[in-house]
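Engineer: Prediction below, plus the sequence it came from.
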Amino acid sequence: MALKIRGFSLEHSEWVIFSALIATESSLTTGIKAVRKQIQDEWDEIVATARKEALSGMPETLDKFIQMLQSGEIPAEALAELDGIQGCYRCGADIFRPEQAAEAVLGYYGWPDTNVDLEQLFKDANAEGIPEIESVDYSGVCQYCGYQMSKDD
């Protein structure tokens, strides 16, 4: 239809705007709601795709993950998505949080029974591409901020 009227077809986002304009002819709020819903649906799809891609580095089983961890390989992108890598509460720098990473990995695999101390494995891992480990004295901050905070005590 747009091809006949305008001489060229509309892109998907242009169809959303065109549809919203038509909807606003009957009700302004209906048109705005239609655009907001479309934007939210598209954003949800983007987030789901990004999460799926980030988690694609996770092996199929916890045992394979443990083997990967023991070999010094840590899927940093997946751990960031699972909140094992977070920003320092004071300065925002990325820090690796072994306790949260261990819990997140166990949760990802459905909390299977295991005798392996994932938190300790994370602490012992010497992997490249992982940010510094969080401060030993202050949870949720980088080592520098932890040091600065200890000077304030």
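Structural biologist: Structure's in. What do you need?

Engineer: Could you pull up the mean pLDDT of stretch 53-63?
Structural biologist: Average pLDDT, stretch 53-63: 95.

Engineer: Quick check: end-to-end length of that stretch?
Structural biologist: The straight-line separation of the ends of stretch 53-63 (CA to CA, to the nearest Å) is 21 Å.

Engineer: Tell me how far the residue nearest to residue 131 when sequence neighbours are not counted lies from residue 121.
Structural biologist: Counting by CB to CB, 6 or more residues apart in numbering, residue 131 lies nearest to residue 94, which is 4.0 Å off, once chain neighbours are set aside. Placement of C-beta: from N, CA and C, glycine included. Going from residue 94 to residue 121 by CB to CB, to the nearest Å gives 20 Å.

Engineer: neighbour-wise, which of the two wins?
Structural biologist: residue 121 (18 against 14; other CB atoms under 10 Å).

Engineer: got the contact list for the more buried one?
Structural biologist: Residues counted as contacts of residue 121 (CB atoms under 8 Å, 6 or more residues apart in numbering) are 66, 69, 70, 102.

Engineer: can you rerun that using 7 Å?
Structural biologist: The contact partners of residue 121, by CB atoms under 7 Å, 6 or more residues apart in numbering, come to 66, 69, 70.

Engineer: Same check on residue 106?
Structural biologist: Residues in contact with residue 106 (CB under 7 Å, 6+ apart) are residue 118.

Engineer: Next one: it from residue 113, what distance?
Structural biologist: To residue 113, residue 106 is 10 Å away according to CB to CB.

Engineer: pLDDT below threshold where in this structure?
Structural biologist: In the predicted model, the chain carries pLDDT under 70 at residues 1-16, 153.

Engineer: Now the residue most central in space within it: closest residue in space that isn't a chain neighbour?
Structural biologist: The centroid of the chain falls nearest to residue 81 when counting by CA atoms, centre = their mean (3.0 Å). In this structure, residue 81 finds its nearest non-sequential neighbour in residue 54, 4.0 Å apart by CB to CB, 6+ apart.
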